[in-house]
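Novice: Output the structure for:
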Amino acid sequence: MGPPVRPLGLFYGLSQAGRAIAAAATNVTGRNWQLKGHGITALDLPGPLAGIPVRCDTAASSGSFTRLSEILDSSLWDKATRLPLRVFWDAIPENERKPLVDDDRRWTPLSIEHRSLYTPHPLASVPVCPFPPWVVGSSNRRQALGEYLSAFPTAQGYHSFVRHGRRPDYVPAFSIHSDGWGELQMNWQVDDGERNCTEAEQLAYLSNITRPYCESRYFFPLGGQLSQEHPSFDGMVGGSVYLVHACQV
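Specialist: Down below sits the predicted model:
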């Protein structure tokens with residue numbers, strides 16, 4: 001299909017996928033699996049694309065967005081709150097290099113490379129990436145790292161990270177890629193650090209604090225008034241991610 005009609009097929013494909021999730025959900029009773037309407041609204045469409053405000057329906061709504069968010073245990077924001085479209089756009093891993101607006105300060109998902117676990121060990125140690133240029137190139141990398149990770153609640157409980165030196169106050173040792181983005185070896189303590197843990201135990205811990213997406217594990221950033229990360233699995237994502245794919249074309 002050509003560009004003028006391509007969004008239609010994308011939207012209705014997502015609509016059917018959402019209905020399939022609702023129909024198969026084990027936490028839905030009676031006829032509550034039925035979805036009616038969008039459940040989310042984009043306002044002031046004539047304005048700049050990145051700043052288009054987005055409003056969701058209340059939790060009692062049967063709209064696709066709100067019902068899928070509830071089914072997937074994904075947080076909603078107050079109906080009176082308008083979140084800019086850029087927040088949702090940046091929540092999609094594929095959009096990392098495709099910003100809606102030329103702004104260096106963006107929060108995009110962080111992936112982990114869990115296939116490089118060192119075992120047995122009390123820490124689960126994995127490379128985390130990509131950190132944006134405004135973090136890895138900051139004159140105060142520790143402060144920039146803390147500010148960036150503040151949007152990733154499940155990542156904040158880390159034990160340590162690789163530093164340029166042995167002192168605790170030394171700066172993080174980012175590996176900077178050719179495009180200016182970078183990665184950092186980070187460590188999480190498994191089982192309170194009281195014993196060496198197997199690879200399976202470390203992987204189980206990391207799986208508990210990350211979300212699966214397209215065969216990888218991610219930390220997803222919060223946006224605006226959201227109180228928790230949006231869950232996702234194997235390319236079929238709920239909450240904000242559902243909206244962005246509908247708008248992406």
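
Novice: just the helices in this protein please.
Specialist: 6-24, 64-71, 85-89, 133-136, 141-149, 199-209, 240-247 (DSSP state H).

Novice: Need those helices in a markdown table (columns: distance to Tyr118).
Specialist: Any C-beta I mention is one placed from the backbone N, CA and C, and that applies to glycine too. As requested, the helices of the chain are exported to a markdown table (distance: least, C-beta to C-beta, whole Å):
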| stretch | distance to Tyr118 |
| --- | --- |
| helix 6-24 | 37 |
| helix 64-71 | 37 |
| helix 85-89 | 36 |
| helix 133-136 | 23 |
| helix 141-149 | 22 |
| helix 199-209 | 9 |
| helix 240-247 | 32 |
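
Novice: and of the ones you listed, who's closest to Ile40?
Specialist: helix 64-71 (3.8 Å; C-beta to C-beta).

Novice: How about that closest one, which residues are buried there?
Specialist: By neighbour count on 16 or more other C-beta atoms under 10 Å, the buried set for helix 64-71 is 64-71.

Novice: quick one: which of those residues is nearest Gly47?
Specialist: Distances from Gly47 to those, taken by C-beta to C-beta, are shortest for Phe65, at 20.9 Å.

Novice: measure the closest one to Asn208 for me?
Specialist: 26 Å (C-beta to C-beta, to the nearest Å).

Novice: Pro133 now?
Specialist: 30 Å.

Novice: Compare the two (neighbour count), which wins?
Specialist: Pro133 (16 against 8; other C-beta atoms under 10 Å).

Novice: now this protein, which segments are flagged as low pLDDT?
Specialist: Applying pLDDT under 70 to the chain flags the ranges 223-249.

Novice: Just want the most central residue of it.
Specialist: Phe220 (2.0 Å; C-alpha atoms, centre = their mean).

Novice: Spatially nearest residue to Arg141, not counting backbone neighbours?
Specialist: Excluding the flanking residues, the one nearest Arg141 by C-beta to C-beta, 6 or more residues apart in numbering is Val171, at 4.5 Å.

Novice: Please name the residues that touch the one you found.
Specialist: With contact set as C-beta atoms under 8 Å, 6 or more residues apart in numbering, Val171 has these partners: 141-142, 163-164.

Novice: rerun that using 6 Å as the cut-off
Specialist: Going by C-beta atoms under 6 Å, 6 or more residues apart in numbering, Val171 touches 141-142, 164.

Novice: who wins for neighbours among those?
Specialist: Using other C-beta under 10 Å as the neighbour test, those are led by Arg141, with 21 neighbours.

Novice: Roughly how far does that one sit from Ala155?
Specialist: Taking C-beta to C-beta, one finds Arg141 at 16 Å from Ala155.

Novice: and what of Cys129?
Specialist: Cys129 is 12 Å from Ala155, by C-beta to C-beta.

Novice: More neighbours: the two, which one.
Specialist: Ala155 (21 against 18).

Novice: tell me which residues in stretch 203-211 are buried?
Specialist: Buried-residue list, stretch 203-211, by 16+ other C-beta under 10 Å: 203, 205-206, 209-211.

Novice: Could you do stretch 84-102 as well?
Specialist: For stretch 84-102, by 16+ other C-beta under 10 Å, it's 84-93, 95, 100.

Novice: want to try JSON lines for those, with distance to Trp107 as columns?
Specialist: Shown next, in JSON lines, are the buried residues of stretch 84-102 (distance: C-beta to C-beta, whole Å):
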{"residue": "Pro84", "distance to Trp107": "12"}
{"residue": "Leu85", "distance to Trp107": "14"}
{"residue": "Arg86", "distance to Trp107": "10"}
{"residue": "Val87", "distance to Trp107": "8"}
{"residue": "Phe88", "distance to Trp107": "12"}
{"residue": "Trp89", "distance to Trp107": "11"}
{"residue": "Asp90", "distance to Trp107": "6"}
{"residue": "Ala91", "distance to Trp107": "9"}
{"residue": "Ile92", "distance to Trp107": "12"}
{"residue": "Pro93", "distance to Trp107": "12"}
{"residue": "Asn95", "distance to Trp107": "12"}
{"residue": "Leu100", "distance to Trp107": "13"}
